[in-house]
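A.B. asks: please work out how this folds:
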Amino acid sequence: MKIRFGYVANALGLWNASPSKALTFTRYAALPKGERMEKLKEVTAQNLFHTKRILHYNIAHEIELYRFSSSLVPLATHPEVEWDFITPFQQEWKELGELVQKHYLRTSFHPNQFTLFTSPRDDVTKNAIKDMEYHYAMLDAMGITDHSIINIHIGGAYGDKEKTLYRFHENFKKLPEHIKKRTTLENDDKTYNIEETLLTCEEEKVPMILDYHHYLANQGGHDLKHYLKRIFATWEGSNLIPKVHLSSPKSQQAFRSHADFVSLDFIQPFLNIAKESNQDFDIMIEAKQKDLAMQKLIEEISSIRGVKRLTSASLEI
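C.D. replies: So this is what the prediction gives:
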């Protein structure tokens, strides 16, 4: 069983490499009109440059998994801004995509919690579609739509899960089919547990990402060992192997919050269950210390008897 590891957005092993430099609408609106577009382009150029640095860093460290920052383009979907962020940076997007493809990197996006399809409000659904289109447009500009994903949560319950899940399916139909094909769903830490998320994925025929930390925070009496093979099976219609999110709690009092690093003791039960499946899969580390947390965890797992380290960021169990 082979496991590859990756991390989210910012490589802390690099100096000053944030790919998420922001430009708020308040600051944008305060600029003279003639300077607004230049400022948008300036911040975007910085974010794309730092993303390129990060991809080179990943390649050098044999890290094949990476989640792009959703904040690469400031104010991309703001109704009073909405600008063409593709044309001025065609070469930059192309270069990122070429790096991804040449080195067989697995990339993804994870829009924020407001991108959901459960709301009774039409404007929320329209904004969710707009945000998914924004993320897809970046993948398309890089030429990597065929092997990248956009991961979201189901959303809120609005006091009635049964009605809300029905509404999710109805609203989800409004998402363009080519974007839906690149969409995955993840169980969350408060509302939709692994069974509810899995059933939704099976009905919509989209892959499910298991978040182990969320599972423990919102277990709902479900035993993961009875679900893991079914969760992995949702990936069979895609061209990708299953993917899992790992993190550990900041504390017992702040259980849902992510810690700086990932506790091996916390995730060991998951690794034991996964080993029984004998299924290759990828792990996205969601810890505050990003790539540093990922490397620390890999070192710890690779010291376990029966584990062979294959590369800087992959193991065989």
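A.B. asks: just the helices in the stretch 201-317 of the chain please.
C.D. replies: Ranges of helices in the stretch 201-317 of the chain, per DSSP state H, counting those that start in this stretch, are 212-217, 228-233, 264-277, 290-302.
A.B. asks: in this protein, which helix is the longest?
C.D. replies: Identified as the longest helix of the chain according to DSSP state H is helix 33-60.
A.B. asks: and the angle from that one to helix 290-302?
C.D. replies: 20 degrees (axes from the mean of the first three to the mean of the last three C-alpha atoms, to 10 degrees).
A.B. asks: can you list the buried residues in helix 33-60?
C.D. replies: 36, 39-40, 43-44, 47-48, 50-55, 57-59 (16 or more other C-beta atoms under 10 Å). Yep, even glycine has a C-beta here, placed from its N, CA and C like the rest.
A.B. asks: try stretch 99-117
C.D. replies: 99-100, 105-111, 115-117.
A.B. asks: kindly report the same for stretch 154-169.
C.D. replies: Buried residues in stretch 154-169 (16+ other C-beta under 10 Å): 154-157, 161, 164-165, 167-168.
A.B. asks: what's the answer for stretch 235-246, then?
C.D. replies: 235, 238, 240-246.
A.B. asks: which two of those residues have the greatest separation?
C.D. replies: Ser238 and Leu246 (20.6 Å; C-beta to C-beta).
A.B. asks: and Glu236, its phi and psi?
C.D. replies: phi -60, psi -30 (degrees, to the nearest 10).
A.B. asks: pretty sure Ser108 sits against Ser69.
C.D. replies: No: applying C-beta atoms under 8 Å, one finds Ser108 not in contact with Ser69, separated by 11.1 Å.
A.B. asks: measure the nearest residue to His61 once chain neighbours are set aside to Thr44 for me?
C.D. replies: In space, and not counting its chain neighbours, His61 is closest to Ser312: 5.0 Å by C-beta to C-beta, 6 or more residues apart in numbering. Separation of Ser312 from Thr44 (C-beta to C-beta, to the nearest Å) stands at 30 Å.
A.B. asks: likewise Gly6?
C.D. replies: Taking C-beta to C-beta, one finds Gly6 at 24 Å from Thr44.
A.B. asks: ditto for Ala157
C.D. replies: 36 Å.
A.B. asks: now stretch 142-155: buried residues?
C.D. replies: So for stretch 142-155, counting by 16+ other C-beta under 10 Å, buried means 142, 144-145, 147-155.
A.B. asks: how about it as CSV, C-alpha atoms only?
C.D. replies: The C-alpha trace of stretch 142-155 is given here as CSV (Å, rounded to 0.1, in the frame of the first residue of the first chain):
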residue,chain,number,x,y,z
MET,A,142,-3.2,25.9,-16.4
GLY,A,143,-4.5,23.1,-18.7
ILE,A,144,-4.9,20.7,-15.7
THR,A,145,-8.6,20.1,-15.4
ASP,A,146,-8.3,16.4,-16.3
HIS,A,147,-6.4,15.5,-13.2
SER,A,148,-7.3,18.1,-10.6
ILE,A,149,-10.2,18.4,-8.2
ILE,A,150,-12.3,21.1,-6.5
ASN,A,151,-13.3,19.9,-3.0
ILE,A,152,-16.3,21.3,-1.1
HIS,A,153,-18.5,20.5,1.9
ILE,A,154,-22.2,19.7,1.6
GLY,A,155,-23.1,22.7,3.8
